[in-house]
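Chemist: need a structure here:
(one chain, ligands or ions: 1)
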Amino acid sequence: MTAKPPTPRAVKHVQAPGGHPARVEIRDLRVAYAGRDVVSGVRLLARDGEIVGLVGPNGSGKSSVLRCVYRHLRPSGGTVLLDGTELAALSPAESARRVAALPQERGGGSELSVRDVVAMGRVPHQRAFAAENTADRAAVDDALARTSLTALAGRRFDALSGGERQRVLLARAFAQRARVLVLDEPTNHLDLRHQTEVLALLRAERRTTLICLHDLNAAAALCDRLHVLHRGAVVASGAPREVLTPGLLAEVFGIRAVVVEHPLTGGPLIAMDHTAAPAHRERGRDGADRGAPA
Ligand SMILES: Nc1ncnc2c1ncn2[C@@H]1O[C@H](COP(=O)(O)OP(=O)(O)OP(=O)(O)O)[C@@H](O)[C@H]1O
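Modeler: Numbering: from 1, shown residues only. Below you'll find the predicted structure:
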């Protein structure tokens with residue numbers, strides 16, 4: 001049997017509202033929890049419409065960086081600038097209109113319907129106690145359709161599978177129509193078809209996107225640029241092809257791999273040796289031996 005390459009679903013391009021450039025700049029970011037630095041000296045820039053990936057081992061600080069961009073965390077040092085303005089200077093409602101997030105904290109236990117959860121993405125655009133207007137309804141319907149959730153719109157959110165919930169929260173972020181998307185592992189619960197759909201959607205949306213992904217092949221296929229975080233610092237940045245080298249994969253991720261040309265796309269494809277022993281033992285920021293990587 002000859003395998004036919006999958007054809008990505010055609011997705012309509014929807015211009016993010018406002019039409020202005022949306023640029024995120026992180027300068028010398030430091031994050032500490034209970035006095036312990038977990039991120040330091042992180043600088044990165046996502047230009048208008050660019051998809052910038054953060055990759056790195058567990059605990060390397062990726063989510064902590066993203067939390068500072070969607071204002072779940074206040075940086076211990078450094079700044080996050082949105083179109084040149086410090087995020088901290090914007091009101092919470094203004095930053096919510098401009099930055100939509102799919103956080104790692106996924107919540108749960110909500111008795112709301114799928115549609116109600118997606119409609120929460122419209123709250124930053126609404127006056128207090130105002131009912132949903134036509135633009136809100138259109139944005140919600142569009143977000144449900146794009147994430148293939150229209151048929152589930154009436155279901156209870158807390159009765160969905162992990163992957164379905166993840167798509168609902170992604171739909172909520174799309175419904176927000178912010179020019180900046182911050183996505184923490186948006187595909188980790190999705191089956192392969194839905195992963196491919198979400199990646200195609202993100203490429204088609206072309207919003208300024210900061211995204212964490214553990215799947216390095218997905219990151220290489222999606223992102224314009226990658227930043228590799230290791231023990232809270234950026235150790236490599238650039239186009240996926242420049243960054244994802246066998247040396248870096250061994251050094252940072254502790255895996256044995258080669259990087260070949262993808263036979264279908266021509267992009268970089270990491271072929272990992274799953275049978276090899278981990279290439280190094282992990283050390284914490286304090287230098288303490290944390291054992292071999294899982
Ligand atoms: N709320 C918190 N309180 C204390 N320490 C935290 C907290 N959140 C994260 N940390 C620690 O900060 C470090 C970085 O965590 P972070 O979640 O940013 O890493 P990550 O790269 O996103 O990891 P993963 O790939 O496992 O999601 C880890 O050592 C983690 O244990």
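Chemist: Not counting sequence-adjacent ones, nearest residue to residue 238?
Modeler: Of all residues not flanking residue 238 in the chain, residue 225 sits nearest, at 6.3 Å (Cβ to Cβ, 6 or more residues apart in numbering). All C-beta spots, glycine's among them, are computed from the backbone N, C-alpha and C.
Chemist: thinking that neighbour is in contact with residue 52, fair?
Modeler: Yes - using Cβ atoms under 8 Å, residue 225 is in contact with residue 52, at 5.3 Å.
Chemist: Please parse this structure into its domains.
Modeler: Using automatic domain parsing, the domain parsing of the chain gives 24-110+176-244, 246-281.
Chemist: Tell me which of these sits nearest to the ligand.
Modeler: Closest approach to the ligand among these (Cβ to the nearest ligand atom): domain 24-110+176-244, 3.3 Å.
Chemist: got the domains of the chain as a markdown table, with distance to residue 140 and mean pLDDT columns?
Modeler: Listed next are the domains of the chain as a markdown table, based on distance: least, Cβ to Cβ, whole Å; pLDDT from 0 to 100:
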| stretch | distance to residue 140 | mean pLDDT |
| --- | --- | --- |
| domain 24-110+176-244 | 10 | 93 |
| domain 246-281 | 33 | 90 |
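Chemist: and the residue lying closest to residue 276 once chain neighbours are set aside, what is it in contact with?
Modeler: The shortest distance from residue 276 to any non-neighbouring residue, by Cβ to Cβ, 6+ apart, is to residue 256 (3.9 Å). Contact analysis of residue 256 by Cβ atoms under 8 Å, 6 or more residues apart in numbering lists 246, 249, 250, 272, 273, 276, 279.
Chemist: Relative to residue 211, how far out is residue 256?
Modeler: According to Cβ to Cβ, to the nearest Å, residue 256 and residue 211 sit 26 Å apart.
Chemist: again, but for residue 103
Modeler: According to Cβ to Cβ, residue 103 and residue 211 sit 12 Å apart.
Chemist: Output the contacting helices and strands for the host helix or strand of residue 258.
Modeler: Using DSSP states H and E, the secondary-structure element containing residue 258 is strand 257-261. Strand 257-261 makes packing contacts with helix 246-253, strand 268-272 when contacts are defined by 3 or more Cβ pairs under 8 Å, 6 or more residues apart in numbering; DSSP states H and E.
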